[in-house]
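Novice: For reference, the sequence and a predicted model appear below.
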Amino acid sequence: MPDANAETQPATWRIVLAAIFDFLTAFFVLGYIIASIFGGKTEDGFQLHGLPALLLFALIVAYFIVFNRYLGGTIWKRIFRARRQ
């Protein structure tokens with residue numbers, strides 16, 4: 001007997017792909033912002049050490065928590081329509 005709720009759930013590949021894109025987006029956008037503030041920009045992008053790198057890690061975790069818990073899903077989950085009900 002098939003699960004009636006399975007039809008309304010997004011495919012697993014959408015959720016995984018959204019998570020990968022969310023991580024990459026958060027890493028590059030937040031990393032570049034932090035590098036601009038703390039002076040970690042290079043010709044090829046940015047390079048973070050010590051406290052700025054720890055701050056980037058904390059902000060990436062906060063991105064996933066805040067968007068999923070309080071804003072109804074991350075940016076890429078909304079684009080891929082990969083939010084679980």
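Specialist: Cool, got the structure.

Novice: so who does the residue most central in space within the chain touch?
Specialist: With distances taken as C-alpha atoms, centre = their mean, D22 lies nearest the centre of the chain, 2.9 Å away. Applying C-beta atoms under 8 Å, 6 or more residues apart in numbering to D22 gives the contacts Y63, F64, F67, T74, I75, W76, K77. Heads up, the C-betas are built off the backbone N, CA and C, glycines and all.

Novice: Just give me the closest of the residues you listed to F57.
Specialist: Distance to F57, by C-beta to C-beta, is smallest for Y63 among the contacts of D22, at 10.8 Å.

Novice: Now the phi/psi pair for that closest one, please.
Specialist: Backbone geometry at Y63, expressed as degrees, to the nearest 10, gives phi -60, psi -50.

Novice: ok, how many other residues are close to it?
Specialist: Neighbours of Y63 under the rule other C-beta atoms under 10 Å: 19.
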